[in-house]
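Engineer: What would the 3D arrangement of this be:
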Amino acid sequence: MPAVSKGDGMRGLAVFISDIRNCKSKEAEIKRINKELANIRSKFKGDKALDGYSKKKYVCKLLFIFLLGHDIDFGHMEAVNLLSSNKYTEKQIGYLFISVLVNSNSELIRLINNAIKNDLASRNPTFMCLALHCIANVGSREMGEAFAADIPRILVAGDSMDSVKQSAALCLLRLYKASPDLVPMGEWTARVVHLLNDQHMGVVTAAVSLITCLCKKNPDDFKTCISLAVSRLSRIVSSASTDLQDYTYYFVPAPWLSVKLLRLLQCYPPPEDAAVKGRLVECLETVLNKAQEPPKSKKVQHSNAKNAILFETISLIIHYDSEPNLLVRACNQLGQFLQHRETNLRYLALESMCTLASSEFSHEAVKTHIDTVINALKTERDVSVRQRAADLLYAMCDRSNAKQIVSEMLRYLETADYAIREEIVLKVAILAEKYAVDYSWYVDTILNLIRIAGDYVSEEVWYRVLQIVTNRDDVQGYAAKTVFEALQAPACHENMVKVGGYILGEFGNLIAGDPRSSPPVQFSLLHSKFHLCSVATRALLLSTYIKFINLFPETKATIQGVLRAGSQLRNADVELQQRAVEYLTLSSVASTDVLATVLEEMPPFPERESSILAKLKRKKGPGAASALDDGRRDPSSNDINGGVEPTPSTVSTPSPSADLLGLRAAPPPAAPPASAGAGNLLVDVFDGPAAQPSLGPTPEEAFLRFVCKNNGVLFENQLLQIGVKSEFRQNLGRMYLFYGNKTSVQFQNFSPTVVHPGDLQTHILSLAVQTKRVAAQVDGGAQVQQVLNIECLRDFLTPPLLSVRFRYGGAPQALTLKLPVTINKFFQPTEMAAQDFFQRWKQLSLPQQEAQKIFKANHPMDAEVTKAKLLGFGSALLDNVDPNPENFVGAGIIQTKALQVGCLLRLEPNAQAQMYRLTLRTSKESVSRHLCELLAQQF
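Structural biologist: Reported below is the predicted structural model:
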């Protein structure tokens, strides 16, 4: 920009500012401002036309008054007039006033837009930059609609000055962030990407910022930027500090551009071209090598720039997760920072190592630093660094070090900051359950948790230990003995009383043979805590007492006396009063057999996933999911009561307490599923990694995958993920749809509805779907659930459609998907002997009852995979029926409300010809053809 000449100094403005600063009171300041406002108003309304210098001076005074917090209701027109001046200083003040004071609803916006258009068309680089800065500073939708089409043209024009290109790129970036739908990049894409080859480093830096933002929405359109970014990065990394003197910062060549290029590369998977990939690996190795070199300056700016590039390089290595050598080197480099004197470096090293611990290539290298991390947990003064150390211990834990890590985290819990105690408790509970070598150690660990930090032990934690103890006969006696001893402490947390009440009520008989824990002693110990507990705990203890009457008849009189007490029968709390009355009556009138039946031992809980992990993820936030469960499975580990993976035919019913938040972090758009960085906004809800918009299946392919499975991701793009969990029984089904907002921006007017294509009346008679409404707003990174109840009234061919509409960033979004409800979902598997099968096969011999298809295999012909798909399709597989053991035979019944349709199938694979012959026979022609078509598409 041109320098301001000495004559442009505004003496009147300087005097006014000096007067304001010299005011002794607020009243004096207001008086001086009102005087000046009156003077400026009179000058603007005067008959004498003001010159450009006077207008500029008075507009500057108004701007200063506004910045002091006073309202300005005039002077806007004079500021707009300054835009037509040919002097830089006058035009600059006009644009500054407009950027600060004029809103998008102003009546002057048309005049302002005309002035901006004139400056953009002037080809004067100084004026063009001022206009572009104003557009970016205002950034309104009106500005975007007026200039979004012109700015890309200026950006790629061959005669545009470098400074104009920089401003145009950053202005376009600002408009795109404000209104993505207004920036049409189709015809400009290739030329914008080519800016990465520009000779001016400032243009390249601005272009990288723009491309990084654009490629997140349309990764395929900007895929050509990978090779150009690698080429530019290679030139920077291999250059000496003297080669790029104008862009060298404390002996580090172009650090900001290097960081931006590394972040751009994290938007894509590793390069497919071997030469490009080799060059990139060479760049990454060079950065790691330079990190080992002695510093060229002792200034903090040098180390900050150098470390910024290093940490971004490590983030890219973690993102690719495909180069074992680089991952181990990155881990070793981070290990050197763990004891660095700079707190920020220690924090960043711990945070990056948390992600490295999730890689199978670097997990062992991370574990070598366990002693250093434990020491950081004990000695760090900064609570945020201690928290990251706890996160890293959690991430590096496996069977080999679980006891050591859990022990250290328990020890740290005694002195931990109150803000993170609940999180530490959840992590200890998860690790103790996941890596328990024996159940007694798990019980001891959870009871220690309650003893050390009982206030922070949530219901999920102690519910879980009760489930596990109930389900494991070998630990029940030990748990009863241990909890009995824990209750003898003078100060006992209420959560310990809850656990003790439940376990002794169920399994107290296992330790009743010891005089020190005889039935009267157990009851006396529990009842001594009764008056100190909350209503909920007292209610639990009353249930324990009635259980004691069944387990230990000798305590009946004592317990009935407690139940008869006026404090119980006339208790102000209706729950306690009702329990006391009912339990007293039950113990008095019921026979011993009836009492034993009513109060029998609790049955084992159904196997299911732990909800503790879901609670921890909710507490940490969606972006931290990779640190909570990294997708790395210890082959020797089996989770207690919930770690058993269900067989393909097992269907579990989701519940509000189930772990619905998933087990893996969703990668950013177009990223491989191997890593998860800090930009991740959403966690996956299902078994596998999230599908990516550039690599994942089309909606039709995703729908077909659900023919033989009930759970998975139905749709995913850069904004939204839709997952499905469903179960079907006879002619009824229940489906849970999970809508995940992958962005940081709230979805508005979110409305998912189920619609019926074709003949509405006919379709309603075929399939009835009841839906529950969901919230109209979905916060960034959040997930909402919708429940669908489905009833099959008669056979159908066309699935219902799911229509999802919402607003993102002010722009309407809409998509329509096939809901994965197909006729085979209502299959009831039927077992048959060979004789019965062939008899039924002959009965269904009419031509219209049979559908047959011969087709080429689209997937590798694996017998186990084929068997799993047929079971997932819903039919029962019948062994020893077909004379050819390589053939598959199945049977089942389609259950609808109106009728039942029997179905027999035979699949004959020919591995040599890579062909299949599929034959289906049912009692209804349309069902035969439809099932045959559906099943054939699976192979």
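
Engineer: When you work out contacts or count neighbours from here on, use the C-alpha atoms and nothing else.
Structural biologist: Fine.

Engineer: So which elements touch the helix or strand that contains residue 561?
Structural biologist: Secondary structure assignment for residue 561, by DSSP states H and E: helix 556-564. The criterion is 3 or more CA pairs under 8 Å, 6 or more residues apart in numbering; DSSP states H and E, and the helices and strands that helix 556-564 contacts are helix 535-551, helix 574-589.

Engineer: Please identify the buried residues of that helix?
Structural biologist: Residues of helix 556-564 classed as buried: 556, 559, 560, 562, 563 (neighbour count, 16 or more other CA atoms under 10 Å).

Engineer: Can you tell me which of the helices and strands packed on helix 556-564 is most buried?
Structural biologist: Sort these by mean neighbour count, taking mean count of other CA atoms under 10 Å, and helix 535-551 sits at the top with a mean of 21.

Engineer: Assign a three-state SS to the closest residue to residue 349 other than its chain neighbours, would you?
Structural biologist: Taking CA to CA, 6 or more residues apart in numbering as the measure, residue 349 lies nearest to residue 334, with 5.2 Å between them; neighbours along the chain are not counted. When states are read from DSSP: H, G, I helix; E, B strand; the rest coil, the local structure at residue 334 comes out as helix.

Engineer: Tell me the spacing between residue 334 and residue 69.
Structural biologist: Going from residue 334 to residue 69 by CA to CA, to the nearest Å gives 48 Å.

Engineer: ok, residue 248 - how many residues close by?
Structural biologist: Residues contacting residue 248 under the criterion other CA atoms under 10 Å number 16.

Engineer: Spatially nearest residue to it, not counting backbone neighbours?
Structural biologist: Setting aside the residues directly before and after it, residue 248 is nearest to residue 254 in space (CA to CA, 6+ apart), at 5.4 Å.

Engineer: residues in contact with the one you found?
Structural biologist: The neighbours of residue 254, taking CA atoms under 8 Å, 6 or more residues apart in numbering as the test, are 236, 244, 247, 248.

Engineer: Export the buried residues of helix 556-564 as a markdown table, with columns for distance to residue 879 and pLDDT.
Structural biologist: Conversion of the buried residues of helix 556-564 to a markdown table gives the following (distance: CA to CA, whole Å; pLDDT from 0 to 100):
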| residue | distance to residue 879 | pLDDT |
| --- | --- | --- |
| 556 | 57 | 90 |
| 559 | 59 | 90 |
| 560 | 60 | 90 |
| 562 | 62 | 89 |
| 563 | 60 | 89 |
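
Engineer: can you count the residues close to residue 590?
Structural biologist: Other residues near residue 590 come to 12 when the count uses other CA under 10 Å.

Engineer: residues contacting it?
Structural biologist: Going by CA under 8 Å, 6+ apart, the list of residues near residue 590 is empty.

Engineer: Got the confidence number for it?
Structural biologist: Among the per-residue scores, residue 590 holds a pLDDT of 83.

Engineer: Check residue 663 too.
Structural biologist: As predicted, residue 663 sits at a pLDDT of 28.

Engineer: Let me know whether residue 727 touches residue 735 as I believe.
Structural biologist: Yes - applying CA atoms under 8 Å, one finds residue 727 in contact with residue 735, separated by 6.5 Å.

Engineer: and the residue nearest to residue 814 when sequence neighbours are not counted, what are its bridge partners?
Structural biologist: Sequence neighbours aside, residue 805 is the residue nearest to residue 814 in space, at 4.4 Å (criterion: CA to CA, 6+ apart). Under DSSP bridges, the beta-bridge partners of residue 805 are residue 751, residue 814.

Engineer: follow-up on the earlier one: with distance to residue 320 added, can I get the helices and strands packed on helix 556-564 in JSON lines?
Structural biologist: Formatted as JSON lines, the helices and strands packed on helix 556-564 follow (distance: least, CA to CA, whole Å):
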{"stretch": "helix 535-551", "distance to residue 320": "51"}
{"stretch": "helix 574-589", "distance to residue 320": "57"}
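
Engineer: Over to the closest residue to residue 335 other than its chain neighbours: give its phi and psi.
Structural biologist: Closest residue to residue 335 apart from its sequence neighbours, by CA to CA, 6+ apart: residue 369 at 6.8 Å. Per-residue torsions, residue 369: phi -100, psi 20 (degrees, to the nearest 10).

Engineer: per-residue pLDDT, residue 369?
Structural biologist: At residue 369 the predicted local confidence, pLDDT, stands at 91.

Engineer: Look up how far residue 379 lies from it.
Structural biologist: On the measure of CA to CA, residue 369 and residue 379 end up 16 Å apart.

Engineer: Go ahead and confirm the residue nearest to residue 814 touches residue 777.
Structural biologist: No - under the contact definition of CA under 8 Å, residue 805 does not touch residue 777, with a separation of 11.6 Å.

Engineer: residues bridging contact with the two, i.e. touching both?
Structural biologist: Contact criterion CA under 8 Å, 6+ apart; residues bridging residue 805 and residue 777 by contacting each: 749, 750.

Engineer: Find the nearest non-adjacent residue to residue 713, please.
Structural biologist: The shortest distance from residue 713 to any non-neighbouring residue, by CA to CA, 6+ apart, is to residue 723 (4.2 Å).

Engineer: isn't there a strand covering that neighbour?
Structural biologist: Yes - counting by three-state DSSP, residue 723 falls inside a strand.

Engineer: can I assume it is in contact with residue 737?
Structural biologist: Yes - here residue 723 reaches residue 737: they are 5.7 Å apart, a contact under CA under 8 Å.

Engineer: Can you pull the poorly scored residue ranges out of the stretch 1-150 of the chain?
Structural biologist: Under the criterion of pLDDT under 70, the regions of the stretch 1-150 of the chain flagged as low confidence span 1-9, 47, 104-106.

Engineer: Likewise for the stretch 651-800 of the chain?
Structural biologist: For the stretch 651-800 of the chain, residues meeting the criterion pLDDT under 70 lie at 651-696, 756-765.

Engineer: the helices in it, which residues?
Structural biologist: Under the criterion DSSP state H, counting those that start in this stretch, helices of the stretch 651-800 of the chain are mapped to 699-705, 760-766.

Engineer: Tell me which other helices or strands whatever helix or strand residue 890 lives in touches.
Structural biologist: Secondary structure here is read from DSSP H and E; on that basis residue 890 sits in strand 888-895. Using 3+ CA pairs under 8 Å, 6+ apart as the contact criterion, the neighbours of strand 888-895 among helices and strands are strand 827-829, strand 876-877, strand 900-910.

Engineer: Which of those strands sits closest to residue 892?
Structural biologist: Ranking the helices and strands packed on strand 888-895 by their distance to residue 892 (criterion: CA to CA) puts strand 827-829 first, at 4.4 Å.

Engineer: Residue 334 and residue 69: who's more crowded?
Structural biologist: Here residue 334 and residue 69 are set side by side on neighbour count (other CA under 10 Å), and the busier one is residue 334, at 24 against 8.

Engineer: Surely the more buried one touches residue 353?
Structural biologist: Yes - with contacts counted by CA under 8 Å, residue 334 reaches residue 353, the gap being 7.1 Å.

Engineer: Now do stretch 174-188, average pLDDT.
Structural biologist: Averaged across stretch 174-188, pLDDT comes to 83.

Engineer: what about the helices in the stretch 101-250 of the chain?
Structural biologist: If you assign secondary structure with DSSP H, counting those that start in this stretch, the helices in the stretch 101-250 of the chain sit at 109-121, 125-138, 141-147, 150-156, 162-178, 189-194, 201-215, 225-238.

Engineer: list the contacts for residue 131?
Structural biologist: Residues 95, 116, 119, 120 are the ones in contact with residue 131 under the rule CA under 8 Å, 6+ apart.

Engineer: What sits closest to the second one if chain neighbours are left out?
Structural biologist: Distance criterion CA to CA, 6+ apart; nearest residue to residue 116, sequence neighbours excluded, is residue 131 at 5.4 Å.

Engineer: In CSV, please show the C-alpha coordinates belonging to the helix holding residue 561.
Structural biologist: Taking C-alpha atoms only, helix 556-564 is exported to CSV below (Å, rounded to 0.1, in the frame of the first residue of the first chain):
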residue,chain,number,x,y,z
LYS,A,556,-37.1,-62.4,60.0
ALA,A,557,-38.2,-61.1,63.4
THR,A,558,-35.5,-58.4,63.5
ILE,A,559,-36.2,-57.2,60.0
GLN,A,560,-40.0,-57.2,60.5
GLY,A,561,-39.4,-55.0,63.6
VAL,A,562,-37.5,-52.5,61.4
LEU,A,563,-40.3,-52.6,58.7
ARG,A,564,-43.0,-52.1,61.4
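
Engineer: Right, I'll call it a day here.
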